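>>> Predicted model and sequence follow; I will ask about them next.
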Amino acid sequence: RRHLDDRLHMSFDTEQVHVKPFVFETRRTKSLHFSIAEVQSCMDLTQPDSLDLEYTRTMMGFLLFHPMPLRIGMIGLGGGSLAKFCYRYLPRADITVLEINPHVIALRDEFAVPRDDERFRVVRADGARYVRAHQDAFDVLLVDGYDYDGLPNALSSRRFYDDAFACLRPSGVVVANIHLGNPEFPLIVERIGLSFNSTALQVAERNKGNAIVFARRDCALSQCALEAVIRPGSLDNAQWKLMQAAFARVRTAMSKDAL
């Protein structure tokens, strides 16, 4: 529940009240917060295009199922970690980032988010409504749309995941970041499975704070052959090792799911 003082950090438009995030900076990192207790996004100041948080690297596990996506959709900009990484290291991909909060978009320069161009754009939009209105739009849909109150109901409903299924192209993959502490966590995972006609794959993070959930439009992930992911030439060894560790967690979850 919001405290009365929080009204000082809100703005109102005709659609919704939006909480204004703040930026916390150390000598090494810059992070985006809605509250000091929760980190929405973190950027390494020496490597602004790297993935500093483990869960973001796990979300890139979609490359094991769809290694060369041409169209990527993202719900939730945050500090732009996933957007920047995909823009730099997946140069063939067209990327659309959907962000409902104008205050988050206003901080894009703080986090070195690329300017809009012919293959990258940040759109101020309700992600659930956008997905509902765009069928066969994406090869990959990344869902990480947290706000001050956590994961909105609009991004965790059965209708949303039905719409997510319809907005994916053949072999399309949805990837969702869901807090394990969410009391509806099992129900949300079940909804994803029902919408995608198969059991969704859960990959819990090592700190047990959240899980990354994967599902594919045209087949159960347990029946998919995992693809080889080729290291981008400009990705340094340290980052590649971290990515490989994330891919290994996905493979381990796949093995357990198949038992």
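Thanks, I have the structure now.
>>> Tell me where the model's unsure across the stretch 101-250 of the chain.
148-149, 208 (pLDDT under 70).
>>> List of residues touching the strand or helix carrying residue 104?
In this assignment (DSSP states H and E), residue 104 forms part of helix 102-106. Taking C-beta atoms under 8 Å, 6 or more residues apart in numbering as the criterion, the residues outside helix 102-106 that touch it are 11, 13, 18, 19, 20, 21, 32, 77, 78, 99, 122, 124. Any C-beta I mention is one placed from the backbone N, CA and C, and that applies to glycine too.
>>> Please indicate which of those residues are buried?
Burial by neighbour count, 16 or more other C-beta atoms under 10 Å: within the contacts of helix 102-106 this picks out 18, 19, 20, 21, 32, 77, 78, 99, 122.
>>> Just the closest of the residues you listed to residue 200, please.
For these, the residue nearest residue 200 by C-beta to C-beta is residue 78; the value is 22.7 Å.
>>> Specify the local secondary structure of the closest residue to that closest one other than its chain neighbours.
Spatial nearest neighbour of residue 78, excluding adjacent residues (C-beta to C-beta, 6 or more residues apart in numbering): residue 41 at 3.7 Å. Residue 41 carries the three-state label strand when classified by DSSP: H, G, I helix; E, B strand; the rest coil.
>>> and residue 41, how many neighbours?
By other C-beta atoms under 10 Å, the residues close to residue 41 number 25.
>>> what does residue 69 give?
24.
>>> ok, it - contacts?
Contacts of residue 69 (C-beta under 8 Å, 6+ apart): 62, 90, 93, 138, 139, 140.
>>> still on that earlier bit, distance of the residue nearest to residue 78 from residue 162?
Taken as C-beta to C-beta, to the nearest Å, the spacing of residue 41 relative to residue 162 amounts to 28 Å.
>>> Neighbours of residue 84, how many?
Residue 84 has 21 neighbouring residues, counting by other C-beta under 10 Å.
>>> Quick check: closest non-adjacent residue to it.
residue 49 (4.7 Å).
>>> Just to check, the one you found is in contact with residue 88?
Yes - contact status for residue 49 versus residue 88: in contact at 4.7 Å, counting by C-beta atoms under 8 Å.
>>> List the buried residues for the strand ranked longest in the chain?
Secondary structure of the chain per DSSP state E: the longest strand is strand 168-179. Within strand 168-179, the residues that count as buried by 16+ other C-beta under 10 Å are 168, 169, 172, 173, 174, 175, 176, 177, 178, 179.
>>> which residues touch the fourth one?
When you say that, I think you mean residue 173. 62, 65, 66, 139, 140, 141, 214, 215, 216, 217.
>>> Over to the third one?
If a contact means C-beta under 8 Å, 6+ apart, then residue 172 has 66, 138, 139, 140, 141, 216, 217, 218 as its contacts.
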